[in-house]
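Asker: everything below, folded, please.
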Amino acid sequence: MRIVFMGTPDFAAASLDALLKNGYDIIGVFTQPDKAKGRGMEISFSPVKELALAHALPVFQPEKMRDGTALSILQSLKPDLVVVVAYGRILPDDLLSVPPLGTINVHGSLLPRYRGAAPIQWSVLNGDEKTGVTTMYLSSEMDAGDIIYSEETEIGEYETSGELYDRLKELGANLLIKTVRAIEAGCAPRTPQDETQATYVSMLDKSLSPLDFTKPARAVVKWVYGLQPWPVATAELGGVVLKVFSAQLTNQRTELAPGNIVSTGKDGIEIACGDGETVLLTEVQAPGKKRMRAEDYLRGHKL
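Answerer: Residues are numbered from 1 along each chain as shown. Down below sits the predicted model:
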């Protein structure tokens, strides 16, 4: 079976690596164009491109998907199956129709919940107790194709989006192998998504960083962990905007208004929340400083 792989970040690289380790014939790899990063604006390759080059796979980086260039390349490769994982580009119908066995995708949620970008982060931000990965056939509508398989996992109460991301990329890679084997055997299921249950999520940005202490305590804590590793939650305390990396539920109640500091000490900075309960900020970072325990920050800053 001739497979073309399309993907960009390390989440996708895990799936490409799984295909290679399982002996599948990867005849070409599409990834986003190289970008300049860092202070020196040096050109860097995507994790998928680095892996593809390490295995001497042909790499293609079309700037656009609708000008005929990508279609021409794909048609010339004559794939039986196209696998798309976090490519970052929407494929038009003419590309989807090229492979006779279809174009499939690995998505970081239990579809139809959390279609769109950043599904992993939003599952943490929204305080979900479980999430998972889904393989599906791509269709014209974003993340709306027929489901092949899905696999569920619990979200740790204090698990960051980054930690969950690392778990799901491996879960997704394993589910992809199961999916490709089923397609190869001609027994892959197709289950239409329930449109009445569909939800959509957007990309993250720094406008989400400020913590809203009028929310319930658990929602505040989940916001801290959902915004890691980027863009990171913030709280203005004592006139200083601190990045907040760790927080805990205290199961304590207070009569103080949301946002007020209840106590400070060796355990951290306790703050009132909208449901009358408090949260404890335990790891922070001041501007220009390193991450530190809140206890250490308090030694030089009275609140």
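Asker: just checking, what packs against the longest helix seen in the chain?
Answerer: Longest helix in the chain, counting residues (DSSP state H): helix 161-185. The contact analysis (3 or more CB pairs under 8 Å, 6 or more residues apart in numbering; DSSP states H and E) places helix 161-185 against helix 10-21, strand 81-85, strand 103-107, helix 119-125, strand 130-137, strand 147-154. For the C-beta atoms, the positions are set from N, CA and C on the backbone; glycine is no exception.
Asker: between it and strand 147-154, how big is the angle?
Answerer: 150 degrees (axes from the mean of the first three to the mean of the last three CA atoms, to 10 degrees).
Asker: next, the buried residues of helix 161-185.
Answerer: 161-165, 167-169, 171-173, 175-177, 179-180, 183 (16 or more other CB atoms under 10 Å).
Asker: what's the first helix or strand after the longest strand seen in the chain?
Answerer: In the chain, assigned by DSSP state E, the strand with the most residues is strand 240-253. Following strand 240-253 in sequence order, the next helix or strand is strand 261-265 (DSSP states H and E).
Asker: quick one: average pLDDT of the longest helix of the chain?
Answerer: For helix 161-185, mean pLDDT is 98.
Asker: how distant is that helix from the center of its chain?
Answerer: 14 Å (CA atoms, centre = their mean, to the nearest Å).
Asker: for the protein, name the helix or strand with the lowest mean pLDDT.
Answerer: For the chain, using mean pLDDT, DSSP states H and E, the weakest element among its helices and strands is strand 35-37, scoring a mean of 78.
Asker: partners of that one, with directions?
Answerer: strand 42-44 (antiparallel) (DSSP bridges).
Asker: thinking again about what came up before, can I get the longest strand of the chain in CSV, CA atoms only?
Answerer: What follows is strand 240-253, C-alpha atoms only, in CSV (Å, rounded to 0.1, in the frame of the first residue of the first chain):
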residue,chain,number,x,y,z
VAL,A,240,3.0,42.9,39.2
VAL,A,241,1.8,40.6,36.4
LEU,A,242,3.0,37.1,37.3
LYS,A,243,2.9,34.0,35.1
VAL,A,244,1.2,31.2,37.0
PHE,A,245,2.5,27.7,36.4
SER,A,246,1.0,25.7,39.2
ALA,A,247,-2.2,26.0,41.3
GLN,A,248,-4.1,23.8,43.7
LEU,A,249,-7.6,23.5,45.0
THR,A,250,-7.7,24.1,48.8
ASN,A,251,-11.3,23.0,49.5
GLN,A,252,-11.4,26.1,51.8
ARG,A,253,-14.1,28.7,51.8
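Asker: got the contact list for the closest residue to V98 other than its chain neighbours?
Answerer: The spatially closest residue to V98, leaving aside those adjacent along the chain, is L74, at 5.0 Å (CB to CB, 6 or more residues apart in numbering). Neighbour list for L74: 4, 82, 95, 98 [criterion: CB atoms under 8 Å, 6 or more residues apart in numbering].
Asker: roughly how far does L74 sit from G108?
Answerer: 25 Å (CB to CB, to the nearest Å).
Asker: kindly report the domain assignment for this protein.
Answerer: 2-201, 206-300 (automatic domain parsing).
Asker: mind listing what's buried in the helix or strand hosting the residue nearest to V98?
Answerer: Per DSSP H and E: L74 is located in helix 69-77. Buried residues in helix 69-77, defined by neighbour count with 16+ other CB under 10 Å: 70-71, 73-74, 77.
Asker: JSON lines for the residues you listed, including pLDDT and distance to G226?
Answerer: Listed next are the buried residues of helix 69-77 as JSON lines, based on pLDDT from 0 to 100; distance: CB to CB, whole Å:
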{"residue": "A70", "pLDDT": "96", "distance to G226": "34"}
{"residue": "L71", "pLDDT": "97", "distance to G226": "38"}
{"residue": "I73", "pLDDT": "97", "distance to G226": "38"}
{"residue": "L74", "pLDDT": "98", "distance to G226": "36"}
{"residue": "L77", "pLDDT": "98", "distance to G226": "39"}
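Asker: which one of these is nearest K243?
Answerer: A70 (39.8 Å; CB to CB).
Asker: excluding covalently adjacent residues, which one is nearest to the closest one?
Answerer: Closest to A70 by CB to CB, 6+ apart is P62, at 4.3 Å.
Asker: and the one you found, what pLDDT?
Answerer: 96.
Asker: the chain should start at 214 in everything you say after this.
Answerer: With 214 as the first residue, the last one maps to P275.
Asker: what separation do you get for it and E263?
Answerer: Taken as CB to CB, the span from P275 to E263 is 18 Å.
Asker: which of those two has more neighbours?
Answerer: In terms of neighbours (other CB atoms under 10 Å), P275 is the more surrounded of P275 and E263; the figures are 19 against 14.
Asker: any stretches of this structure with poor pLDDT?
Answerer: Within the chain, the set of residues satisfying pLDDT under 70 comprises 251-254.
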